[in-house]
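> Need a 3D model of the sequence below.
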Amino acid sequence: MQALALVGVIGLLALLVWKLTHDPGGGVAAQLSQGKRPTAPDFTLSRLDGRGSVELASIKKPRVVDFFASWCYTCPTYSKRLEKYSREYGGRIAFIGVNTLDAGADAEKYVRRYGLTYTIVRDHGRKVLNAWGGLPIPRIFFIDRSGKVIGEMQADEDLPRFLKKLAVDA
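Reported below is the predicted structural model:
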């Protein structure tokens, strides 16, 4: 019994060390929590469908950036909501899904399964995710026309509230 408990403690310690060395935290999320409105870190990522790439800074209208993965338990709920809102606000707000820490085939299956039609790009590794704050996902950020991050979704009511704010900015 003691040996089993020791193995459990060692496992938890290993998980803690891994988290500390692989998940830097901070980034945009930390700046937002300090009341700042940082400039959105630019990225250029390949489209999941293979049709070129997307450069965040080149999009000149308000943006919603959603970090997700096919293995994420809560991501489908938010992806489906973003799909619904992208149909309502798509002419005024750009919706970008950033698939991260995922296998390409799994990501493609996820997009088909949930009928996602907004732009989906791939973050190979975690470089882009880490610049925005790292895990956990989903992480949804709202960027105004000038490129400032005005918020991160913390509660369900944040999504329609920030979308209305961005639509006025459009």
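> For the residue nearest to the spatial centre of the chain, which three-state class applies?
For the chain, the residue nearest the mean C-alpha position is Phe67 (1.8 Å; CA atoms, centre = their mean). Secondary structure state of Phe67, per DSSP: H, G, I helix; E, B strand; the rest coil, is strand.
> and the nearest residue to it once chain neighbours are set aside, how many neighbours?
Excluding the flanking residues, the one nearest Phe67 by CB to CB, 6 or more residues apart in numbering is Arg139, at 4.4 Å. Bear in mind the C-beta positions are built from the backbone N, C-alpha and C, glycine included. The local packing of Arg139 (other CB atoms under 10 Å) involves 22 other residues.
> thinking Arg139 is in contact with Trp132, fair?
Yes: if you go by CB atoms under 8 Å, Arg139 and Trp132 touch, sitting 6.4 Å apart.
> Need the overlap of contacts for those two.
Ala29, Phe67 (CB atoms under 8 Å, 6 or more residues apart in numbering).
> Backbone torsions only: list them for Gln34.
With angles defined as degrees, to the nearest 10, Gln34 shows backbone torsions of phi -90, psi 10.
> That one: neighbour count?
8.
> Check the spacing between it and Val28 real quick.
11 Å (CB to CB, to the nearest Å).
> and what of Ser146?
Distance of Ser146 to Val28, given as CB to CB: 15 Å.
> ok, those two, which is more surrounded?
With neighbours defined as other CB under 10 Å, Ser146 and Val28 compare such that Val28 has more, 22 against 12.
> mind listing what that one touches?
Val28 sits next to Pro38, Ala40, Pro41, Ala131, Trp132, Gly133, Phe141, Val149, Glu152 when contact means CB under 8 Å, 6+ apart.
> and the helix or strand it falls within, how far out from the chain's middle?
Following DSSP states H and E, one finds Val28 within helix 27-33. Distance of helix 27-33 from the chain centroid (CA atoms, centre = their mean, to the nearest Å) equals 13 Å.
> Going by neighbour count, list what's buried in it.
By neighbour count on 16 or more other CB atoms under 10 Å, the buried set for helix 27-33 is Gly27, Val28, Ala29, Gln31, Leu32.
> nearest to Gln2, of the residues you listed?
Distance to Gln2 across the buried residues of helix 27-33 (CB to CB) is lowest for Ala29, with 40.3 Å.
> Need the per-residue pLDDT for that closest one.
Note on Ala29: pLDDT of 90.
> The closest residue to Gln31 other than its chain neighbours and Pro138, how far apart?
Once flanking residues are discounted, Gln31 sits nearest to Pro38: 4.4 Å by CB to CB, 6+ apart. The spacing between Pro38 and Pro138, counted by CB to CB, is 20 Å.
> Many thanks, I have nothing further to ask.
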